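Chemist: A predicted structure for the sequence below; I have some questions about it.
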Amino acid sequence: MTQQRSGPPPIVFILIFLLLAGGGYWWFFQRQPAPSGVATAPGQPTGNVPPQQAPNAAPQPVGTAPPPPPAANTFSPPTNVPSGTTVTIDGSTSMVSINESLKTAFQQQFPGTTVSTSANGTENGLQALSNGQADIAAISRPLTPQEQNQGLAAIPVANDAIALVVGVGNPFGQGLSRQQAVSIFTGQISNWSQIGGPDKPIRVINRPPESGTRQAFQELVLGGGNFGNTPNITTMERDATTPMLREVGDDGIGYATAAQILNQSTVRVVAIDGLTPAASQYPYQRILYYVYRNPPTPEVSAFLGFVGSPSGQQAILTAGS
């Protein structure tokens with residue numbers, strides 16, 4: 001008599017084994033959860049793609065991050081300034097409009113006072129301050145530790161942006177990426193055809209070494225690197241925006257503080273990564289400063305206090321309009 005087999009047939013055990021093996025393989029090799037404490041947003045890449053190499057990820061920014069907002073001005077607004085008070089300001093061409101607007105407002109509010117302004121560049125302004133030829137230096141970069149150790153101090157005056165510009169007659173009608181901007185000003189890209197324009201050399205108009213705008217550009221755009229020295233890059237002898245805008249023509253590219261070119265009819269701004277200087281995320285932002293010697297004189301204290309007053313702030317806004 002044949003003995004009956006008890007329990008499920010062998011095929012059942014085989015199927016269970018295959019299911020368990022397949023599940024284990026998926027668990028250990030295919031499933032990669034997000035790091036602990038980090039939720040994966042819908043639509044973001046998961047699985048075996050490293051975060052820094054995710055498909056279609058934006059390139060890492062070139063240069064440095066925009067500076068933080070200016071700190072508060074600690075000078076007290078003056079209620080009375082003696083007639084005959086004089087204040088001399090020299091420095092960055094980027095601050096010409098601000099200097100002139102504050103000068104007019106200060107002299108109107110305090111009759112008999114005189115504010116004299118010059119724009120010989122950031123480095124020359126600091127030199128004039130150190131030599132006693134200026135009471136205040138207008139600069140478009142932060143003070144260095146060495147300058148602070150020499151007794152110089154700065155207050156932030158306004159936020160600013162550096163704009164890249166081309167002539168309105170330039171057939172290149174596109175924007176640039178941050179990397180393309182670096183390549184142009186280091187000489188790696190020297191023909192408009194390399195970035196979608198006509199087959200024509202790019203004339204790069206650079207500012208002189210004493211320019212604070214040039215130094216800020218070098219940090220913000222080039223990440224602290226050096227400008228190129230290829231034949232298509234020309235350095236201006238004097239730091240002045242208007243001659244630079246004329247020199248750009250229909251085949252050149254240059255840069256200036258954004259406030260100085262907003263109402264210009266001969267040039268147009270080149271967008272960077274699709275952003276213009278008016279955008280809050282525009283990459284080339286900086287802070288403009290007034291620098292004084294410690295301890296400040298009564299005249300300097302009065303003017304810097306006015307800068308932070310409602311009247312002074314309105315004058316700065318007017319300069320940027």
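Modeler: Noted; the coordinates are in hand. Numbering: from 1, shown residues only.

Chemist: where's Q179, which helix or strand?
Modeler: If you go by DSSP states H and E, Q179 is part of helix 178-185.

Chemist: which other helices and strands does that helix contact?
Modeler: Helices and strands touching helix 178-185, by 3 or more Cβ pairs under 8 Å, 6 or more residues apart in numbering; DSSP states H and E, are strand 203-206. Bear in mind the C-beta positions are built from the backbone N, C-alpha and C, glycine included.

Chemist: just checking, what packs against the strand it packs on?
Modeler: With contacts taken as 3+ Cβ pairs under 8 Å, 6+ apart, strand 203-206 sits against helix 178-185, strand 233-235, helix 241-248, strand 252-257.

Chemist: residues contacting the residue lying closest to I205 once chain neighbours are set aside?
Modeler: Excluding the flanking residues, the one nearest I205 by Cβ to Cβ, 6 or more residues apart in numbering is G254, at 3.9 Å. Neighbour list for G254: L164, V165, V204, I205, N206, R207, M244, L245, E247, V248 [criterion: Cβ atoms under 8 Å, 6 or more residues apart in numbering].

Chemist: possible to save these as a markdown table with pLDDT, distance to I139 and neighbour count?
Modeler: Below are the contacts of G254 laid out as a markdown table (pLDDT from 0 to 100; distance: Cβ to Cβ, whole Å; neighbours: other Cβ atoms under 10 Å):
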| residue | pLDDT | distance to I139 | neighbour count |
| --- | --- | --- | --- |
| L164 | 98 | 21 | 24 |
| V165 | 97 | 22 | 25 |
| V204 | 98 | 24 | 23 |
| I205 | 97 | 22 | 21 |
| N206 | 97 | 19 | 20 |
| R207 | 95 | 14 | 24 |
| M244 | 91 | 19 | 25 |
| L245 | 91 | 22 | 20 |
| E247 | 94 | 24 | 14 |
| V248 | 96 | 25 | 23 |
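
Chemist: quick one: which of those is nearest to L220?
Modeler: L164 (11.2 Å; Cβ to Cβ).

Chemist: name the helix or strand for the closest one, please.
Modeler: Going by DSSP H and E, L164 is in strand 152-167.

Chemist: what angle do that strand and strand 252-257 make?
Modeler: Relative orientation of strand 152-167 versus strand 252-257 (axes from the mean of the first three to the mean of the last three Cα atoms, to 10 degrees): 150 degrees.

Chemist: and the pLDDT for N263?
Modeler: Here the pLDDT value assigned to N263 is 79.

Chemist: neighbours of it, just the number please.
Modeler: Using other Cβ atoms under 10 Å, N263 is surrounded by 7 other residues.

Chemist: one more: A279?
Modeler: Burial of A279 is recorded as 14 neighbouring residues (other Cβ under 10 Å).

Chemist: can you give me the buried ones in stretch 267-274?
Modeler: With burial defined by 16 or more other Cβ atoms under 10 Å, the residues of stretch 267-274 counted as buried are V267, R268, V269, V270, A271, I272, D273.

Chemist: ok, stretch 151-158 next?
Modeler: For stretch 151-158, by 16+ other Cβ under 10 Å, it's L152, A154, I155, P156, V157, A158.

Chemist: got a list of contacts for it?
Modeler: Identification of contacts with stretch 151-158 by Cβ under 8 Å, 6+ apart yields 70-71, 73-75, 95, 98, 126, 129-130, 137-139, 142-143, 287-294, 296, 304, 307-308, 316, 320.

Chemist: restricted to buried residues, select those residues in ChimeraX.
Modeler: To isolate the buried ones among those in ChimeraX, judged by 16+ other Cβ under 10 Å, type:
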select :73,75,95,98,126,129,130,137,138,139,142,143,287,288,289,290,291,292,293,296,304,307,308,316,320
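
Chemist: just the ones of the contacts of stretch 151-158 in helices?
Modeler: Counted as lying in helices by DSSP state H, out of the contacts of stretch 151-158, are I98, L126, L129, S130, L304, V307, I316.
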